[in-house]
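A.B. asks: Provided below are the primary sequence and the corresponding predicted coordinates.
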Amino acid sequence: MKITQVDVFAKRLPMASGYNMSSSPVGDPDTTVVALRTDSDLTGWGEICPTGPLPQVEHAGSIRADLDLLGPALIGTDPLRIGLVHDTMAATMDGGQGARSAVDIACWDLLGKSHNERVCDLLGGARMDPVSTYHVVPIGTPDESAQLAEQLQDEGHTKLQLKSGGRHIDEDIDAVHAVARVIRPGVDLFVDCNRGWTVGEAIQVSGACRDLKLAMEQPCATYAECAAARTHLHHPLILDESATDLATIARAIATGVADGFGMKLTRIGGISGMRAVRDLCEASNTPTSCDDSWGGDIIAAACVHVGATLRPHLSRGAWISDPYQAGHYDEANGPRIVDGRIAVPPGPGLGITIPEGYFGPPIASFS
Ligand code: 0XW
Ligand code: MG
């Protein structure tokens, strides 16, 4: 099989409900979709969608600029030889992890379609289907947060991520206690600050919540700050934004900095990279999620397919943005949360069918 054309699409994803993080609110994220057209009439689809330019280094503009470099280099390569595709991308640019990850996802979509296999089955098979997920409780007042936490548990959610940060820690502490009071047996709570606290603030929040069963996700901005805070916390520490590559993840596990991970496929190299993290976490008995920052059915399906292959006991869930945004690319098979779980799309590859012309004309096309 050969890649004959690379099309790049852009699309704003309208929000269906509010969503915020310590760094910034989320408003109509700008997704980038990659289509790998081939000489076998099959198309592979990949996607990457940062929530905006503040919560992470890469953003829509940088990703599209990276694809301007990668697109021409991919013409003529065999997308089923995914390692060689990565070699071609590495020989084209040093950076561009997000764009490379979107291409990787499209290659796995093609691999599945060419063998008539679901991506999760190419990865060793689903251990969960439907797949566990977690739901975010956005930053709000203690009462608002507690009410939403109650509602989400009524809907069957067993993992809740309470957003925090971006305000005085007393407000965060009050919200954490209010939500913890309504958490039911068998439900897991983690508090995700998205890098918003200083080391001292993280220690203070953990101290003020020392008797509560919860985990603290990415409390501080950097790996070093999280490492400094970790020794003083009364809670497990989940690394997300600082888990930037496999070597860092291995170090965080080996040194006890991280008790688990919040992983984003497009930060770590797509499905190929997340497979490596999955296996390292399984070998070290370390929980991880299988997420991305935002996006539509393509990236959601990728997260769910890999998430289905996690050891259930070590799965922190596969997060998708479905509940917070309006519409699906594939109304029939686009991943949805039902009773706190997500069914794996049944079709080959990612199992997502993109209607002809859905994204409009490409913003870039290489052949
Ligand atoms: C919940 N997420 C996976 C989606 C948002 O981008 C934030 C992210 C996180 O956990 O940081
Ligand atoms: Mg996180």
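C.D. replies: Yes, it's here. Ligands and ions are numbered 1, 2, ... in the order given.

A.B. asks: how about whichever residue of the stretch 201-350 of the chain sits closest to ligand 2, nearest residue that isn't a chain neighbour?
C.D. replies: Closest residue of the stretch 201-350 of the chain to ligand 2, CB to the ion: residue 240 (3.5 Å). The way it works is simple: take the backbone N, C-alpha and C, and place the C-beta from them, glycine included. Spatial nearest neighbour of residue 240, excluding adjacent residues (CB to CB, 6 or more residues apart in numbering): residue 262 at 3.4 Å.

A.B. asks: list the contacts of that neighbour.
C.D. replies: Counting by CB atoms under 8 Å, 6 or more residues apart in numbering, residue 262 makes contact with 192, 217, 218, 238, 239, 240, 243, 288, 289, 291, 316.

A.B. asks: from ligand 1, how far off is the second one?
C.D. replies: Between residue 217 and ligand 1 the computed distance is 6 Å (CB to the nearest ligand atom, to the nearest Å).

A.B. asks: and what of the first one?
C.D. replies: With distances defined as CB to the nearest ligand atom, the gap from residue 192 to ligand 1 amounts to 5 Å.

A.B. asks: how about the last one?
C.D. replies: According to CB to the nearest ligand atom, residue 316 and ligand 1 sit 10 Å apart.

A.B. asks: so for the residue nearest to that residue when sequence neighbours are not counted, what's the pLDDT?
C.D. replies: Excluding the flanking residues, the one nearest residue 316 by CB to CB, 6+ apart is residue 289, at 3.9 Å. With respect to pLDDT, residue 289 scores 98.

A.B. asks: residue 289: how many residues sit nearby?
C.D. replies: Per other CB atoms under 10 Å, the neighbour tally for residue 289 reads 26.

A.B. asks: ok, now residue 41?
C.D. replies: Residue 41 has 7 nearby residues by other CB under 10 Å.

A.B. asks: so it, which of the three states?
C.D. replies: Per DSSP: H, G, I helix; E, B strand; the rest coil, the secondary structure class of residue 41 is coil.

A.B. asks: so what pLDDT did it get?
C.D. replies: The model reports residue 41 with a pLDDT of 90.

A.B. asks: quick one, phi/psi of it?
C.D. replies: Reported as degrees, to the nearest 10, the phi and psi values for residue 41 are phi 70, psi 0.

A.B. asks: quick check: end-to-end length of stretch 313-329?
C.D. replies: This stretch, stretch 313-329, spans 31 Å end to end (CA to CA, to the nearest Å).

A.B. asks: correction: stretch 188-198
C.D. replies: Counting by CA to CA, you get 25 Å between the two ends of stretch 188-198.

A.B. asks: go on, stretch 252-259?
C.D. replies: 8 Å.

A.B. asks: buried residues, it. List them.
C.D. replies: Neighbour-count burial for stretch 252-259 flags 252, 253, 257, 258, 259 (criterion: 16 or more other CB atoms under 10 Å).

A.B. asks: what residues does the stretch 51-200 of the chain have near ligand 2?
C.D. replies: With CB under 5 Å from the ion as the criterion, the stretch 51-200 of the chain meets ligand 2 at residues residue 192.

A.B. asks: ok, now with 8 Å
C.D. replies: Proximity of the stretch 51-200 of the chain to ligand 2 (CB under 8 Å from the ion) is limited to residues 161, 192, 194.

A.B. asks: do the stretch 201-350 of the chain as well
C.D. replies: That would be 217, 218, 238, 240, 241, 262, 291, which are the residues of the stretch 201-350 of the chain within reach of ligand 2 (CB under 8 Å from the ion).

A.B. asks: re the thing from before, okay, now the residue of the stretch 201-350 of the chain closest to ligand 2: neighbour count?
C.D. replies: There are 21 residues near residue 240, going by other CB under 10 Å.

A.B. asks: kindly report the same for residue 96.
C.D. replies: Look at residue 96: counted by other CB under 10 Å, it has 21 neighbours.

A.B. asks: got it, and residue 242?
C.D. replies: 21.

A.B. asks: how about the strands in this structure?
C.D. replies: Under the criterion DSSP state E, strands of the chain are mapped to 3-12, 30-38, 43-48, 131-132, 135-137, 159-163, 188-192, 215-217, 237-239, 260-261, 337-338, 341-342, 364-366.

A.B. asks: may I have the residues that are in contact with the residue nearest to the spatial centre of the chain?
C.D. replies: The centre of the chain sits closest to residue 292, judged by CA atoms, centre = their mean, with a distance of 1.7 Å. Residue 292 makes contact with 48, 49, 264, 265, 266, 299, 300, 302, 303, 319, according to CB under 8 Å, 6+ apart.
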